[in-house]
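Asks: When you get a sec, could you give me coordinates for this:
(one chain, ligands or ions: 2)
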Amino acid sequence: MGIQFKDVGYQYKGIKVNYDALSGINLNIAESDEFIAIIGHTGSGKSTLVQHMNALLLPTQGQVNVLGQILPPHKKEKINHLRQKVGLVFQFPEYQLFEETIIKDIMFGPKNFKSTDAEALEKAKKAATIVGISPELYEQSPFRISGGQMRRVAVAGILAMEPKILVLDEPTRGLDPKGRKDLMKIFKDLHEIEHKSIVLISHDMDIVSEYAKRVIVMDEGHIIFDGKKEDLFEHPDFESFHLELPTSLKILKHLEKEIGLPYQPKYDFPSLLSYLKEANHE
Ligand SMILES: Nc1ncnc2c1ncn2[C@@H]1O[C@H](COP(=O)(O)OP(=O)(O)O)[C@@H](O)[C@H]1O
Ligand SMILES: [Mg+2]
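Replies: Numbers count the residues shown, from 1 in each chain. Ligands and ions are numbered 1, 2, ... in the order given. Predicted structure coming up:
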């Protein structure tokens, strides 16, 4: 079933003027095994697009189908359950922490979706384990832990609802390299072990290159590319997308030009390093 967009447009209604944030969006996301990065300049419509995936926004044109349900034209209570099935982690999700203790904060989602206290606690503990929040922290205030930990508590709050699809709006923004890596490892494992579909907005081309399988490029409310990561970075018109190349590909292109090392795309640092070692021994 997954998520489908058919000729979708979204218009923000202003006092004087309306603004078309999305137009002509056609998109198919499978229910499992996807790892999609959504990239594009600030204001290109990425956040607007993903907020349709759990019915936070409803299309003003066209049709969105989320896990077999067509979104209605107006907000009604019937779409609430989609917020549980498609978990959306906002930008800076730690701003939405509010409970007195970490474990209560993580339990909030499942309780909201009719889990009993005992069930919610069970789900919260499981989610805390996934994100590496240890039991000693459960009763602490979510405001007394590090930024990276706060971010992970917020992610656990979404995972505790046991969503089928996980949508992340710039989840690593503002984190240090270790925090970024720890968080990406969580999403990578959910994808590889549980086969969850992950949709990730990111400005970080190294993260896109290392983790995503498919990339969607947005520009002024349109999708200008949707395909395999390999096909994006090797696209003959790559420059027309005005995107940066990931560091590993930049290095490889540079080495080809400067020392004639044959260009072979490598999408993360470990495979770049083994290729360079191999080349060095030849
Ligand atoms: N609540 C809003 N009201 C009016 N315009 C908005 C609102 N949110 C976003 N926009 C506009 O819609 C466009 C797309 O925004 P957004 O989806 O946030 O882009 P991105 O996530 O790619 O930066 C931008 O021009 C932005 O200014
Ligand atoms: Mg955004």
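Asks: pLDDT wise, what is the closest residue to ligand 1 within the stretch 101-250 of the chain at?
Replies: Residue nearest to ligand 1 within the stretch 101-250 of the chain: Met218 (6.1 Å; C-beta to the nearest ligand atom). (Each C-beta comes from the backbone N, C-alpha and C, glycine too.) We have a pLDDT of 98 for Met218.
Asks: Name the SS class of Gln149, please.
Replies: The three-state label given to Gln149 by DSSP: H, G, I helix; E, B strand; the rest coil is helix.
Asks: Asn18 - nearest residue in space that isn't next to it in sequence?
Replies: Nearest residue to Asn18, sequence neighbours excluded (C-beta to C-beta, 6 or more residues apart in numbering): Gln11, at 5.0 Å.
Asks: how long is stretch 44-56 end to end?
Replies: Using C-alpha to C-alpha, to the nearest Å, the end-to-end distance of stretch 44-56 comes out at 18 Å.
Asks: which ones are touching the residue nearest to Asn18?
Replies: 18-21, 60-61 (C-beta atoms under 8 Å, 6 or more residues apart in numbering).
Asks: just Val155 next, same as before
Replies: 89, 93, 131, 171, 183, 186.
Asks: Can you give me the distance of the second one to ligand 1?
Replies: Translated: Pro93. Going from Pro93 to ligand 1 by C-beta to the nearest ligand atom, to the nearest Å gives 15 Å.
Asks: List the residues that contact that residue.
Replies: 151, 154-155, 157-158, 171.
Asks: if we can go back for a sec, which secondary structure element is home to the residue nearest to Asn18?
Replies: Secondary-structure assignment from DSSP states H and E places Gln11 in strand 3-13.
Asks: Mind checking what helix or strand follows that strand in sequence?
Replies: Taking DSSP H and E, what comes next after strand 3-13 is strand 18-29.
Asks: partner strands of that following strand, parallel or antiparallel?
Replies: Applying DSSP bridges to the sheet, strand 18-29 is found paired with strand 3-13 (antiparallel).
Asks: Buried ones in the partner strand, by neighbour count?
Replies: Residues of strand 3-13 classed as buried by neighbour count (16 or more other C-beta atoms under 10 Å): 3-5, 8-11.
Asks: now those residues as JSON lines including pLDDT?
Replies: Below are the buried residues of strand 3-13 laid out as JSON lines (pLDDT from 0 to 100):
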{"residue": "Ile3", "pLDDT": "98"}
{"residue": "Gln4", "pLDDT": "98"}
{"residue": "Phe5", "pLDDT": "98"}
{"residue": "Val8", "pLDDT": "98"}
{"residue": "Gly9", "pLDDT": "97"}
{"residue": "Tyr10", "pLDDT": "97"}
{"residue": "Gln11", "pLDDT": "96"}
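Asks: now Val131, nearest residue through space, not along the chain?
Replies: Computed as C-beta to C-beta, 6+ apart, the closest residue to Val131 that is not its neighbour in sequence is Arg152, at 4.1 Å.
Asks: just Lys111 next, same as before
Replies: Nearest one to Lys111, counting by C-beta to C-beta, 6+ apart, is Ala120 at 4.6 Å.
Asks: And for the one you found, the neighbour number?
Replies: By the criterion of other C-beta atoms under 10 Å, Ala120 has 23 neighbours.
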